[in-house]
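Asker: Okay, predicted coordinates and the sequence, questions at the end:
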Amino acid sequence: MAKKETIIGLKELRENTEKYISRVGKGESFMVIRRSKPVFKISSPEEDAELWESIIDFTKINKRGVRLEDVIARV
């Protein structure tokens with residue numbers, strides 16, 4: 001069964017951004033409309049995991065930051 005997608009207005013998203021970030025982090029997705037027309041969809045990266053590819057895990061290099069030279073050396 002497909003997950004129900006909530007429709008929200010662009011103004012609502014602007015006024016309550018943190019609330020929607022939290023809800024997306026919990027797996028919800030939203031169709032955002034402006035003037036009764038869909039303009040974009042927001043969802044968690046996990047929902048479209050096949051679109052993302054990890055190239056470098058910077059946390060394995062150094063949790064406090066990464067020097068450019070270290071990044072280039074690992075690419």
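Answerer: Here it is on my side, so go on. All figures in this text were calculated on a predicted structure; none of them were measured in a lab.
Asker: Secondary structure class of residue 46, three-state.
Answerer: helix (DSSP: H, G, I helix; E, B strand; the rest coil).
Asker: which residue packs closest to it, ignoring adjacent ones?
Answerer: residue 27 (7.6 Å; C-beta to C-beta, 6 or more residues apart in numbering). In short, each C-beta sits where N, CA and C put it, glycine included.
Asker: what's around the one you found, how many residues?
Answerer: Using other C-beta atoms under 10 Å, residue 27 has 11 other residues around it.
Asker: How much space separates it from residue 15?
Answerer: 22 Å (C-beta to C-beta, to the nearest Å).
Asker: repeat for residue 21
Answerer: Residue 21 is 13 Å from residue 15, by C-beta to C-beta.
Asker: from what I can see residue 43 touches residue 26, true?
Answerer: No. Applying C-beta atoms under 8 Å, one finds residue 43 not in contact with residue 26, separated by 11.5 Å.
Asker: Okay, buried residues for the longest helix along the chain please.
Answerer: Longest helix in the chain by number of residues (criterion: DSSP state H): helix 17-25. Residues 20, 23-24 are the ones in helix 17-25 that count as buried (16 or more other C-beta atoms under 10 Å).
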